[in-house]
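1. model the following, please.
(chains A, B and C)
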Amino acid sequence: MPFIPHTDADVAEMLDAIGAGNIDELFDEIPPALRAGGLDGIPSGLTEMEVSRLMQGRARADGQPLCFIGAGAYEHHIPAAVWQITTRGEFYSAYTPYQAEASQGTLQVVYEFQSMMTALTGLDVSNASLYDGASALAEAILMAVRANRKSNSKRVLLPRNLHPAYRRTIRGLVGNQGIELVEVPFDSTTGQTPVARFDAAAAGGDFAAAVIAQPNFFGALEDVDAITDWAHARNTLVIGVVNPVALAVLSPPGDWGETGADIACGEGQPLGMPLASGGPYLGFLTCKQGYVRQIPGRIAGKTLDAEGKVGYTLTLQAREQHIRRSKATSNICTNQGLLVTAATIHMAILGAEGLERVAASCHANTRRLGELLCEIPGVEPVFDGPIFHEQALRLPSASTEVLGKLAEQDILGGFDLGGDYPELAPAILICATELRTEEEMLAFRDQLAAILSNA
Amino acid sequence: MLIQEQSRPGRAATAQAPQHMADLSDLPSGLRRRKRAALPEVSELQAVRHYTRLSQKNFSIDTQFYPLGSCTMKYNPRACNSLASLPGFLARHPAAPASHSQGIMACLHELQDILKIVTGMHAVSLAPAAGAQGELAGVMMIRAYHDARGDHERLEILVPDAAHGTNPASAIMAGFEVREIPTGNNGDVDIAALRDAVGPRTAGIMLTNPSTVGVFDRNIQAIAETVHEAGGLLYYDGANLNAILGKVRPGDMGFDVIHMNLHKTFSTPHGGGGPGAGPVGVSKRLEPFLPVPLVVKDGQQYRWQVEPDRPESIGRMTAFGGNMGILLRAYIYARMLGADGMRRVSEYATLNANYLMARLQEAGFTAAYPERRASHEFIITLKPEAKAFGTNAMDFAKRLLDYGFHAPTTYFPLLVPECLLIEPTESEAKEDLDGFVEAMIKTRAEAEQAPETLKQAPHSLPVRRLDDVRAARHLDVAWKADETGEDAA
Amino acid sequence: MSNMPAELKFTKSHEWVNDNGDGTYTVGITDHAQEALGDLVFVELPEVGAKLAAEDGCAVVESVKAASDIYAPIAGEVTAVNDALDGAPETINSDPYGDGWIFKLSAGSGAADGLLDADAYQAVVDDEG
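-> Model prediction:
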């Protein structure tokens, strides 16, 4: 019996101790009419050998194409040590650290993670992570509406050049709480959302918060200082949606404008998580000290034990659902513990300089790729603003077909922008991380040139 | 010592970053970071040693019996991790085209089907990233269903007082009001109170069955009838699905929507707090509202169904469609179990729970519901011990750690005083259960003879009992670069 | 047995009220409540000037294992809050009826007359037993 250790003798002794004749009797409180248990259609069990064969075939079927897609998930180098340590049974198969004394490993990792995220974002407090970047932004929005005591508004300004999947996720997650998301259009020449656009969208109204994406979905960099100051001048809180690798080289949210963004959040995937089809990743969320009681999710804190020795424990739990129930700051229970472990080890190994080198290489590679592709007649940048590690390129013919043909050559040539931004079509969003080599980029250029010349 | 405290300026694991610092001069200087973030500067070995040592300060399933009620801490087969980490799966970008996704989509499509069958529901979405998100998706669908019918007055969700805290919190996030329903003395929902509570404002009820007190609610059919007759829907919290897998199906009990905790029933790792996965299953009338994406099969080809394909969907729960790596692990586990293996899960989980309850009762402990069968978990109340020896459930829990057992869940559910909620799971051998009983007996003897031993426990762990009041009053949640050392005590 | 001063009025939700005789009323939580909550770690105070209806949730006291809303025992306007609790929530544990007061309300004379007296509150506590 897979994963069940009982011998026949064990079962007999155990039933005897219970005073039952057979295992089925243990289910005798379930109304007989309900005892169906029809499992028709579920195949018979497989051994590890058999399931390995099956899964190896399935994994092979997905291939290992050359990836030039970013769009919120980035293929970076991950040191071998990161997942070898993370998948140690003591991390992998541990529960939430509610019994702090038996969970000092996990708790210290979380405390170190919180310390690293506050350092990266330049803010004071970090939680122990949320599901992913998009749901973290939804929580940040709910938090800002609760926390903003100077505004009674439940309206939030959301730039249209924020990741489209984030915008869709947020709508569902916050929509039932009476929060109104007001979209701010971007400048079609730069791809940025300047203060003037925010000001026009706000139209003098009261807003609880404004969201700034840095870099934005097009990879373009926003004038974060000006937007932050504009928002604060009208008692609107600022939520920065940031890429943690970009933060190695870009001004952290805590430094934006005169007094800094109030909340920062984003996708932690670039910190040691494989692409893995979209998850599990981790959402991070940091904020200024004053909002600590409005923050959703777990937090680890430092304390002392009965003998005065330093230790770590979950703290401020009275905000959370298991205590506060219907009045909790969020329904979230999970933090992405295993991914937090990976991210913490990843950041410890790379350090600030390592991350800066990664960020710089991504930036340089993407610029190089953009130049190479723009050598092809009809391919040109959509925007002229500064970028980090993604760039929107306009193509001379339908992007869906072009990307399909590239995929036939095992090249994932970028994210098709036409679906979410029909006015930009035919256009793609490209990305070349530090992993992409000159040869790979040249191969991409040559394939694209060949496809376009036959179009 | 923190990794940050081991940092030395100029030290680095240089093999892990690009060899050269590429040119950044074209970035506008006003947008550049002025000072490097205070991340650790350590060697690769220092990091490896530090985190390996930290791991050794954890209890885990791989190292200890972990009878944590309501959490289903069963063995996480290693094959699930290895096979979900095959390069084809790990390297796949979430936006990869269908041509490069047939392998994973085949797995997910089959997982949808397996979960449909095992729960008796009409359709399943794998999108929610955890149990609580599954709950949220579930109540959002209930709301969308009533709204679509123009039934806008149904704004109240009923929740039994024994429910997990996530239930009321999720209902609030979906914009509902919460009304609590009391639990009767026998552990079943108080059906008279339920009849009084339902009405034209009832959107639905959220139930866990077997409930959080570890018994199967024998009135489930009457509950379903009462709520349905009032026009409400039934939500099944799948936290305790391990108890009934292959025996009873929530769909057959009359539930309209269910979430499953794959990290419990389908044995994906808890990871020190996550990730989870919380797929939702629905009856036919709720099918249009399922969160996206779903995997469908057209002929021999799999494809995603997203927002434009499903206009009534409540939408997307995360940016990229869910915790795919966890879904793969659950799929591999389900395939290894097969139909027979799934039935055995609930059979042996229930056998282990009832055996442990019988042994503890025999040893003189007080079961909270002695006249009831245990489901896959049960409650011991330590109220008599508290009264006689002045030791509380937390003292017992901490002392059990010294004996090498992870503590059961304490102080949940709140309606049983000084409770231990104990869930052994099917993967523990009889010897481990017997060892736990011995430790409980020894602990009680100590409570009687030397209660201070319990009150000061644990004695043999990396730290003694931690001061959580201090942690909350003197909040220190991040190391700061200018800190000089330890706090003064 | 917890302490219940005879000169105070009480609510079923475990607040106490003192009629200061000058049109203001002082509000806190009872000795029984602080004991049940355990070591307090945080108090969220109402805003001075807030106009409250009776039974409005207006403050929160938090221990490590529970968070409890405090309801306005009577209608009125908040005239003062006990800022000293900000850094020292444990004052409520040590002196619930004195330095551990939480806020003051202005209300008409006799506004608290309808609340429970010490005996009636004792009965509520015994009932919860």
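2. for residue 64, which non-adjacent residue is spatially closest?
-> The chain I'm using is chain A. B:Ala91 (5.4 Å; CB to CB, 6 or more residues apart in numbering or on different chains). All C-beta spots, glycine's among them, are computed from the backbone N, C-alpha and C.
3. wrong one, chain C
-> According to CB to CB, 6+ apart, the nearest residue to C:Val64 is B:Asp468 (4.7 Å).
4. next up, the contacts around that neighbour.
-> Residues in contact with B:Asp468 (CB atoms under 8 Å, 6 or more residues apart in numbering or on different chains) are A:Ala100, A:Thr303, A:Thr313, A:Thr315, C:Val64.
5. among these, name the ones in strands.
-> A:Thr303, A:Thr313 (DSSP state E).
6. and the residue nearest to A:Gly219 when sequence neighbours are not counted, what pLDDT?
-> Setting aside the residues directly before and after it, A:Gly219 is nearest to A:Glu390 in space (CB to CB, 6+ apart), at 2.9 Å. Looking at A:Glu390, its pLDDT stands at 98.
7. tell me, how many residues neighbour A:Glu390?
-> 28 (other CB atoms under 10 Å in any protein chain shown).
8. now it: how far from C:Gly110?
-> Applying CB to CB, to the nearest Å, the value for A:Glu390 to C:Gly110 is 70 Å.
9. with A:Ile179 instead?
-> Taking CB to CB, one finds A:Ile179 at 43 Å from C:Gly110.
10. so who does B:Ser170 touch?
-> Counting by CB under 8 Å, 6+ apart, B:Ser170 has contacts A:Asn331, B:Ala132, B:Glu135, B:Leu136, B:Gly138, B:Val139, B:Met206.
11. strands of chain C, residue ranges please.
-> Ranges of strands in chain C, per DSSP E, are C:9-10, C:15-19, C:24-29, C:40-44, C:51-52, C:57-63, C:67-71, C:76-81, C:103-106.
12. next, the angle strand C:67-71 makes with the third one.
-> Just to be clear, that refers to strand C:24-29. Taking axes from the mean of the first three to the mean of the last three CA atoms, to 10 degrees, one finds that strand C:24-29 is oriented at 160 degrees with respect to strand C:67-71.
13. what is strand C:24-29 packed up against?
-> strand C:15-19, strand C:67-71, strand C:76-81, strand C:103-106 (3 or more CB pairs under 8 Å, 6 or more residues apart in numbering or on different chains; DSSP states H and E).
14. mind listing what the shortest one pairs with, with the direction of each?
-> Right, the one you point to is strand C:103-106. Strand pairing for strand C:103-106, determined by DSSP bridges: strand C:24-29 (antiparallel), strand C:76-81 (antiparallel).
15. so which of those is nearest A:Thr169?
-> With CB to CB as the measure, strand C:76-81 is the member of the strands paired with strand C:103-106 nearest A:Thr169 (39.2 Å).
16. return the set of buried residues in that closest one.
-> Across strand C:76-81, burial judged by 16 or more other CB atoms under 10 Å in any protein chain shown covers C:Gly76, C:Val78, C:Thr79, C:Val81.
17. again with stretch A:36-50
-> Buried residues in stretch A:36-50, counting neighbours by 16+ other CB under 10 Å, are found at A:Gly37, A:Leu39, A:Ile42, A:Gly45, A:Leu46, A:Glu48.
18. wait, the last one sits on B:Ala79?
-> The one in question is A:Glu48. Yes. Counting by CB atoms under 8 Å, A:Glu48 does reach B:Ala79; the two are 4.7 Å apart.
19. and for the two, which residues touch both?
-> Common contacts of A:Glu48 and B:Ala79 (CB under 8 Å, 6+ apart): B:Met336.
20. which strand or helix spans B:Arg464?
-> Under DSSP states H and E, no helix or strand contains B:Arg464.
21. next up, the contacts around it.
-> A:Glu101, A:Asp305, A:Ala306, A:Glu307, A:Lys309, B:Gln456, B:Pro458.
22. around chain A, pick out the residues from chain C.
-> With CB under 8 Å from any CB of the partner chain as the criterion, chain C comes near chain A at residues C:Val41, C:Phe42, C:Glu44, C:Glu62, C:Ser63, C:Val64, C:Lys65, C:Ala66, C:Ala67, C:Asp69.
23. so the closest residue to the first one other than its chain neighbours, which state does it fall into?
-> With CB to CB, 6+ apart as the criterion, C:Val41 has its nearest non-adjacent residue at 3.7 Å, and that residue is B:Ala472. With DSSP: H, G, I helix; E, B strand; the rest coil as the basis, the three-state label of B:Ala472 is helix.
24. what's next to the helix or strand where A:Gly57 lies, contact-wise?
-> Assigned by DSSP H and E, A:Gly57 belongs to helix A:48-61. Here helix A:48-61 makes contact (CB under 8 Å, 6+ apart) with A:46, B:77, B:79, B:83-84, B:86-89, B:102-104, B:106-107, B:332, B:335-336.
25. repeat that for 7 Å
-> Residues from elsewhere that reach helix A:48-61 (CB atoms under 7 Å, 6 or more residues apart in numbering or on different chains): A:46, B:79, B:83, B:86-89, B:102-104, B:106-107, B:332, B:335-336.
26. could I have the CA atoms of stretch B:249-268 written out in CSV?
-> Extracted as CSV, the C-alpha positions of stretch B:249-268 are listed here (Å, rounded to 0.1, in the frame of the first residue of the first chain):
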residue,chain,number,x,y,z
ARG,B,249,-18.3,12.9,-1.8
PRO,B,250,-19.2,16.5,-0.9
GLY,B,251,-21.2,16.6,-4.2
ASP,B,252,-23.4,13.8,-2.9
MET,B,253,-23.9,15.5,0.4
GLY,B,254,-25.5,18.4,-1.5
PHE,B,255,-22.7,20.9,-1.6
ASP,B,256,-22.7,23.5,-4.4
VAL,B,257,-19.1,24.6,-4.1
ILE,B,258,-16.0,23.2,-2.4
HIS,B,259,-12.4,24.1,-2.1
MET,B,260,-9.6,21.5,-1.5
ASN,B,261,-6.3,21.9,0.3
LEU,B,262,-3.9,20.0,-1.9
HIS,B,263,-1.2,20.6,0.7
LYS,B,264,-3.3,18.5,3.1
THR,B,265,-5.2,15.8,1.3
PHE,B,266,-2.9,15.5,-1.8
SER,B,267,0.3,15.7,0.2
THR,B,268,2.1,18.6,-1.3
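27. circling back: reformat the strands paired with strand C:103-106 as CSV; add mean pLDDT.
-> Shown next, in CSV, are the strands paired with strand C:103-106 (pLDDT from 0 to 100):
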stretch, mean pLDDT
strand C:24-29, 96
strand C:76-81, 96
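28. OK, contacts around C:Ile76?
-> Rather than Ile, residue C:76 is Gly. For C:Gly76, counting by CB under 7 Å, 6+ apart, the contacting residues are C:Tyr25, C:Leu52, C:Leu105, C:Ser106, C:Ala107, C:Ala111.
29. for C:Asp117, see how far away it is.
-> 20 Å.
30. that older thread, so the residue nearest to C:Val41 sits against A:Leu316, correct?
-> Yes. At 6.1 Å, B:Ala472 counts as touching A:Leu316 under the criterion of CB atoms under 7 Å.
31. can you give me the buried ones in the longest helix along chain A?
-> Assignment by DSSP state H gives helix A:337-373 as the longest helix of chain A. Neighbour counts using 16+ other CB under 10 Å place A:337-370, A:372-373 of helix A:337-373 among the buried residues.
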